[in-house]
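Q: pasting the structure only:
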């Protein structure tokens, strides 16, 4: 009786391959999600910086940041953040805020004011703010 050589993969080879792919996916997927989240955070920081410039231009033209009871410059519209502005000091100051509004940016919050003080007030899934965060925007995990 002659044996024929079988071709293909054994069950053990398939299981080992599946385990290796699972381990790689468990590392790659969270890293990719974090990469996408960091790219979404640039919307807040860029739009807030541009908004501050627009508010300064409005102040130069009108000698106040206020337009009635709201901020003078129109607020930016974003995909991942909603923007708000509050007037202080009777129109001599303002604070603009970007608050996360999507599943990627939920819990993230950034502010900038008329003194150009940037602050991070929430970092979402990254946990609590570090004690040494200071006056800066945090856009990478602490």
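A: Noted; the coordinates are in hand. For clarity, every value in this text was computed on a predicted model and none was experimentally measured.

Q: give me the beta-bridge partners of residue 100?
A: Going by DSSP bridges, residue 100 is paired in beta bridges with residue 81.

Q: for it, which residues are in contact?
A: Contact analysis of residue 100 by CB atoms under 8 Å, 6 or more residues apart in numbering lists 44, 80, 81, 106, 107, 108, 109, 122, 124. Where C-beta positions appear, they are placed from N, C-alpha and C, glycine not excepted.

Q: check the gap between it and residue 11 for me.
A: From residue 100 over to residue 11 the distance is 46 Å, taken as CB to CB, to the nearest Å.

Q: how about residue 118?
A: The gap separating residue 118 from residue 11 is 57 Å, by CB to CB.

Q: let me see the mean pLDDT of whichever helix or strand residue 37 is part of.
A: Per DSSP states H and E: residue 37 is located in helix 11-62. Helix 11-62 shows a mean pLDDT of 94.
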